[in-house]
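1. with the input below, show me the fold.
(one chain, ligands or ions: 1)
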Amino acid sequence: MMQVAPDADRPVFRTRGLTKVYGGGDMAEVRALDGVDLDLPEGEMVVLLGPSGSGKSTLLNIIGGLDHATSGQAWFRDAELTAMTDRQLTRYRRDHVGFVFQFYNLVASLTARENVALVTDVAENPMDPDEALGLVGLSGRMDHFPAQMSGGEQQRVAIARAIAKRPGVLLCDEPTGALDSKTGTAVLAALEEVNNRFGTTTLVITHNAGIRKMAHRVIRFHDGRVAEIIENETRLPASEIVW
Ligand SMILES: Nc1ncnc2c1ncn2[C@@H]1O[C@H](COP(=O)(O)OP(=O)(O)OP(=O)(O)O)[C@@H](O)[C@H]1O
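-> Take a look at the predicted model:
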């Protein structure tokens, strides 16, 4: 299988002084992000670690076009996200971003295939839902309803749905947060497969520190700042990750 190598010279995301402040006035001010400078190369698997409240989700939401910064700048490739209107951000999300959250948000009355088709029906150059489900190892579950699947299988349907529109980036907030190590491994294998096959830049927020071993790059947050960045010289395959 051909793998797409990360391209260190072309950041997919770049932030400068990115800051998000909540509250103020009568409320206590929270600096959820406090001047974050980051360059994330195209094609990498990136793991974001850090204590609860350190700003991981806030960063993901801003670079995913779900939230606005208070100050500073963020770019997706050449496009400045922090200069976009809500309408432009909606379009950016639709065209370029796949999201995976801790809870799968599948439609209970639709089969796995139909859940994925909800997205492929409106995307510009989508995969066939069967292909997307095959990539996450669910060829045998396409006609199952969410209630007939395990948590790990439901999360893999959510990943198939996120990747079926062939997004440039896949942003995952605690994708294994509700899963045990065994079912979580299959979810990680699905993310690894997508990253290897398509070179889709993949950001994974997690509290499971073992997951760091499958990353190209590990970013540790503390108090709204980047505390540490580690580039892994060797990576473990998803099948060997345990927590
Ligand atoms: N809508 C909001 N209003 C006020 N404060 C908020 C809001 N969203 C987040 N915060 C605060 O911003 C800080 C950063 O939150 P964030 O969710 O980014 O952290 P996190 O690292 O993702 O945490 P966790 O690991 O618990 O998900 C926290 O102190 C949080 O309480």
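
2. now do the end-to-end distance for stretch 113-126.
-> For stretch 113-126, the first-to-last residue distance is 14 Å (Cα to Cα, to the nearest Å).

3. what does it rub up against?
-> 95, 106-107, 110, 127-130, 132-133, 142-143, 146, 157, 160-162, 164-166 (Cβ atoms under 8 Å, 6 or more residues apart in numbering). Where C-beta positions appear, they are placed from N, C-alpha and C, glycine not excepted.

4. off-centre distance for it?
-> Distance of stretch 113-126 from its chain centroid, counting by Cα atoms, centre = their mean, to the nearest Å, is 19 Å.

5. contacting residues for G50?
-> G50 makes contact with 56, 220-222, 227, according to Cβ under 8 Å, 6+ apart.

6. between those residues, which has the most around it?
-> Taking other Cβ atoms under 10 Å to define a neighbour, the member of these with the most is K56, carrying 25 neighbours.

7. wouldn't that one be in contact with F221 here?
-> Yes: under the criterion of Cβ atoms under 8 Å, K56 is in contact with F221, at a separation of 5.4 Å.

8. now do the shared contacts for those two.
-> With Cβ under 8 Å, 6+ apart applied, the overlap between the contact sets of K56 and F221 consists of 48-50.

9. among these, which lie within strands?
-> Residues of those located in strands (DSSP state E): 48-49.

10. any low-confidence regions in the chain?
-> Scanning the chain for pLDDT under 70 picks out 1-9.

11. please enumerate the strands of it.
-> Under the criterion DSSP E, the chain carries strands at the ranges 7-24, 27-42, 45-49, 71-76, 79-80, 97-101, 169-173, 201-205, 217-222, 225-231.

12. make a markdown table from those and add distance to the ligand to it.
-> Converted to a markdown table, the strands of the chain look like this (distance: least, Cβ to the nearest ligand atom, whole Å):
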| stretch | distance to the ligand |
| --- | --- |
| strand 7-24 | 3 |
| strand 27-42 | 3 |
| strand 45-49 | 8 |
| strand 71-76 | 14 |
| strand 79-80 | 21 |
| strand 97-101 | 11 |
| strand 169-173 | 7 |
| strand 201-205 | 6 |
| strand 217-222 | 6 |
| strand 225-231 | 11 |
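
13. same list (those strands) but as TSV, adding distance to N115.
-> As requested, these are exported to TSV (distance: least, Cβ to Cβ, whole Å):
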stretch	distance to N115
strand 7-24	27
strand 27-42	29
strand 45-49	25
strand 71-76	26
strand 79-80	29
strand 97-101	13
strand 169-173	17
strand 201-205	21
strand 217-222	31
strand 225-231	35
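
14. to P237, which of the ones you listed lies closest?
-> Proximity to P237 (Cβ to Cβ) singles out strand 45-49 among those, at 11.4 Å.

15. okay, now the sheet partners of that closest one, with direction.
-> Strand 45-49 pairs in its sheet with strand 201-205 (parallel), strand 217-222 (parallel), by DSSP bridges.

16. relative to strand 169-173, how tilted is the lengthiest helix in the chain?
-> The helix that spans the most residues within the chain, counting by DSSP state H, is helix 181-198. Interaxial angle, helix 181-198 versus strand 169-173 (axes from the mean of the first three to the mean of the last three Cα atoms, to 10 degrees): 170 degrees.
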